Structures are given as C-alpha cells and as structure tokens.
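**Student:** no sequence on hand, only this structure:
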C-alpha cells in the first residue's frame with residue numbers, strides 16, 4: 001500500500017480532534033488549533049480540511065441534537081477513525097526519525 005503523507009494543517013486538525021474527544025466540532029477544533037499553535041485559522045479552512053479528512057476516511061462525523069442557541073441547527077461532531085490514527089502514528093514516526101539527533105543542536109542555536 002502506498003504511503004499517504006499528512007499535510008501540516010491536516011495533522012493539526014486530527015490532533016485537535018483527539019484532544020477534544022466528544023467535544024470535537026468545527027468551532028472547538030478551530031479554537032484548539034489557534035490556542036495551541038498561536039496561529040490564526042479561518043473557519044473556511046477548518047471546514048474544508050474536515051471535509052477533506054472525512055472524504056479520505058481519516059475522520060467520521062456524527063450529527064448532534066439541534067439547539068435553540070444555534071437556530072435549530074445541529075452540530076457535527078468529529079472523531080478520528082482507525083485509519084486516521086494509523087496515519088498520525090506513521091507521520092509521527094517519520095518526524096521523530098528525522099528529529100533524532102538534531103534536538104540538542106537546535107536547542108543551542110547551532111543548527
């Protein structure tokens with residue numbers, strides 16, 4: 001089977017979903033990424049990435065209950081699928097292998 005690399009933003013979205021657990025919906029995912037990375041993220045980019053990850057079967061969505069606060073609309077909650085977890089493990093392994101031996105050099109500024 002061919003290896004499928006994760007893009008940086010996809011990686012961040014998947015990790016945010018794992019961190020949020022049962023509370024992983026669009027806005028909470030966006031907030032988690034912004035908070036942890038100090039990076040401004042647009043709603044559109046977040047939802048496009050979620051659609052792409054869902055199409056690749058790396059995340060699955062379920063619809064919650066409708067709420068009055070949302071004008072009767074329901075939230076879509078996301079979870080990382082087993083395939084998504086496998087891709088994250090593979091990506092982490094590749095990154096750890098590349099970082100191996102470099103970390104001390106980077107910390108003291110001699111990279």
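**Tutor:** Arrived safely, thanks for sending. Because the structure is a prediction, the values reported are computed rather than measured.
**Student:** can you give me the strands in the protein?
**Tutor:** In the chain, the strands defined using DSSP state E lie at 59-66, 74-80.
**Student:** what's the most buried one of these?
**Tutor:** Most buried of these, by mean neighbour count (mean count of other C-beta atoms under 10 Å): strand 74-80, with a mean of 18. (Glycine included, C-beta is placed from N, CA and C.)
**Student:** that one: how far from the chain's middle?
**Tutor:** 13 Å (C-alpha atoms, centre = their mean, to the nearest Å).
**Student:** for it, name the packing helices and strands.
**Tutor:** Secondary-structure packing of strand 74-80 (3 or more C-beta pairs under 8 Å, 6 or more residues apart in numbering; DSSP states H and E): helix 8-20, helix 26-37, strand 59-66.
**Student:** nearest to residue 94, of the ones you listed?
**Tutor:** Closest approach to residue 94 among the helices and strands packed on strand 74-80 (C-beta to C-beta): helix 8-20, 11.2 Å.
**Student:** give me the angle between that closest one and strand 74-80.
**Tutor:** Angle, helix 8-20 to strand 74-80, by axes from the mean of the first three to the mean of the last three C-alpha atoms, to 10 degrees: 100 degrees.
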